[in-house]
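# let's see this in three dimensions:
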Amino acid sequence: MKKNKIAIYSRKSKFTGKGESIENQIELCHRYIDDTYPDISEADIVVFEDEGFSGKNTERPQFQKMMQMAEAGELKAIVCYRLDRISRNISDFSRLIEKLEEMEIDFISMKENFTPDNPMGKAMMYICSIFAQLERETIAERILDNMHELAKTGRWLGGTTPTGYESVEMNSRIALDGKTRKMHKLEIIKEEADLVRLIFQKFLETGSLTKVDEYLLMNNIKTKNNRNFSRFSIRGILENPVYMSADMEAWEYFENQGVEVFAPKECFNGKYGIMAYNKTKQNTAKSHDTRAITEWIIAIGKHKPLVSGEDWVKAQSLLSQNKSKTYRKPKSVYALLSGLLYCENCGAYMRPKVNRRILPNGEKSFSYLCETKEKTHRQHCDMKNPSGNELDWKVCNEIKKLAGDKSEFFQYLKNAKKMIGQLENGNSTELQMLKNKICQNDKKIEALVASLTKAENTPSYDYIIKEINELHKKNEQLKNTLTDLNSRIQQNNLSENEFDILESILVQFSESFDLMSYEEKRRALRVFIDKVTWDGENIHIYLFGADRKENEKGRKGEEAKARGLQMNF
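Numbering: from 1, shown residues only. From the prediction side, this is the model:
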């Protein structure tokens, strides 16, 4: 493929509508290309925008899409406004430069005017990248210093409040980074606090997460969001030090664990609870990714505790000792739908349960069992257990049938592929319209603010203020819409290339499925199946990209047939 396109890449950590915005970066890069590559037409310039993404790594949707185009041999150059728009990480940046050199793709950073086509330029780019990473690490150190300052105050930082508490604003303020900020503390919510104490009590009595889970389910006790507790959510409560009294048992526990305790020993008198800072990793998409306990910063909070230090430490000991005894989905060598199969009645997972009987083909006989049925001893669900061997066989055969040349699923893939371009064009247009509208409103606000001085002490002053407030309110609504649209685009359907790969896999699946190992079959099924449900008589298969709600309503038509399957058992 002839390399005839130039990519412009732009990034900004969040949308602000001012400064070195996405639009400004792109405009400056366009001018550079016009001056440097006069033979390049507008149609050969491809723009990639990642707004709302950090430069600490390259896990950004538009950046990855640009690299796919580079690997496909379509790009002759990549232009960015500044080096740190590409990456603030040395290793990521180094790998990118080496990769582009291998593909013979020019890299131009406008601001620094560096290119990798000479040794000095390459060296300077690496130096700039080093300083970018240094800046990021300096910011991280400053955040850690701030945490030490916060630890002196024991304030609640915000976010989702733990069950049992609510966040309440205090009358005092704290100065950080030269800014004065409001302080908050946690106040007890009695009903929720009683529930937390009950969970600790039952766990200390039984020593089992499963038994606590069963007790809560049997007694219809739900989370503050009115959902059934899971073992994960119960463990999260038991492991959270916020419930723990700042007493001598607490001090000794953290001291023995090698944790930085940011309070003198004599202050651990049991009057207040524990506040743990630097507990969660901030450089990951996983909201529950916790740091090692030795990285925590422990302080005394301003809130009342719910359990003693002794009980909390006992709970941690039990959790550690009983890891091998906690409930786990039994692994069956032959269960292909484990993790995909749900009960149609209650929505719970259906796990494999191996029987003693051996089938003629040498496999162990097993069935699928609804978790709610098992945990409530049939009180909340009494779903019939299907034969796992037979159910797996039927589902596999249905997926294999999809590989036929006239398969409706193939037709769905082709139709969906055609829609991608239309969706992307439509979304891009809507994004641009929203951004233009926000810019227009900003200009109107600036003009109105400029006119306030002249209108002071006149009847029109109040009208101008009112109009400014209305424009500001409209802009906030537009920005919320813009954020929602960006989120939808990032979660969009697969690219055309990925659809082609899926189609190719489906053909190979039919031809080679029977030769695969059971682990390979499990992985292959997950390429095409989103979810399988069992209603006691029928199997419902929701294929990749299926609209579950519409299928569950019995939606008719060719597309529904291609995207969802139903079989008698």
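
# how confident was the prediction at the nearest residue to Glu104 once chain neighbours are set aside?
Leaving aside its chain neighbours, Glu104 sits nearest to Lys3 (7.9 Å; criterion: Cβ to Cβ, 6 or more residues apart in numbering). For the C-beta atoms, the positions are set from N, CA and C on the backbone; glycine is no exception. pLDDT for Lys3: 70.

# so what's Lys3 up against?
By Cβ atoms under 8 Å, 6 or more residues apart in numbering, the contact list for Lys3 reads 73-76, 104-105.

# next one: Asp535
The neighbourhood of Asp535, defined by Cβ under 8 Å, 6+ apart, consists of 344-345.

# quick one: it from Cys370, how far?
Applying Cβ to Cβ, to the nearest Å, the value for Asp535 to Cys370 is 11 Å.

# before we move on, what about Asn240?
As defined by Cβ to Cβ, Asn240 lies at a distance of 30 Å from Cys370.

# what do you get for Lys314?
With the distance defined as Cβ to Cβ, Lys314 ends up 33 Å from Cys370.

# and those two? Which one has more around it.
Cys370 (27 against 17; other Cβ atoms under 10 Å).

# can you pull the phi/psi pair for that one?
The phi and psi values for Cys370, taken as degrees, to the nearest 10, are phi -70, psi 130.

# what's the answer for the one 10 residues further on, then?
Reported as degrees, to the nearest 10, the phi and psi values for His380 are phi -100, psi -10.

# which residues touch it?
So His380 contacts 217, 346, 372-373 (Cβ under 8 Å, 6+ apart).

# try 7 Å this time
His380 sits next to 217, 346, 372 when contact means Cβ atoms under 7 Å, 6 or more residues apart in numbering.

# correct me if wrong: the first one contacts Thr376.
Spelled out, it's Leu217. Yes - using Cβ atoms under 7 Å, Leu217 is in contact with Thr376, at 5.6 Å.

# need the three-state assignment for Tyr342.
The three-state label given to Tyr342 by DSSP: H, G, I helix; E, B strand; the rest coil is strand.

# these two touch, right, it and Ile539?
No - here Tyr342 lies out of contact with Ile539, judged by Cβ under 7 Å, at a distance of 11.2 Å.

# name the element Cys29 belongs to?
Element membership for Cys29, per DSSP states H and E: helix 22-36.

# phi and psi next, for the residue nearest to Lys12 when sequence neighbours are not counted.
Distance criterion Cβ to Cβ, 6+ apart; nearest residue to Lys12, sequence neighbours excluded, is Glu51 at 5.2 Å. The phi/psi pair for Glu51 (degrees, to the nearest 10) reads phi -110, psi 130.

# how near is Glu51 to Lys314?
From Glu51 over to Lys314 (counting by Cβ to Cβ), the distance is 49 Å.

# ok, now Asn228?
26 Å.

# again with Lys473
Applying Cβ to Cβ, the value for Lys473 to Lys314 is 53 Å.

# how about Phe200, nearest residue that isn't a chain neighbour?
Val307 is the one closest to Phe200 (Cβ to Cβ, 6+ apart), at 5.0 Å.
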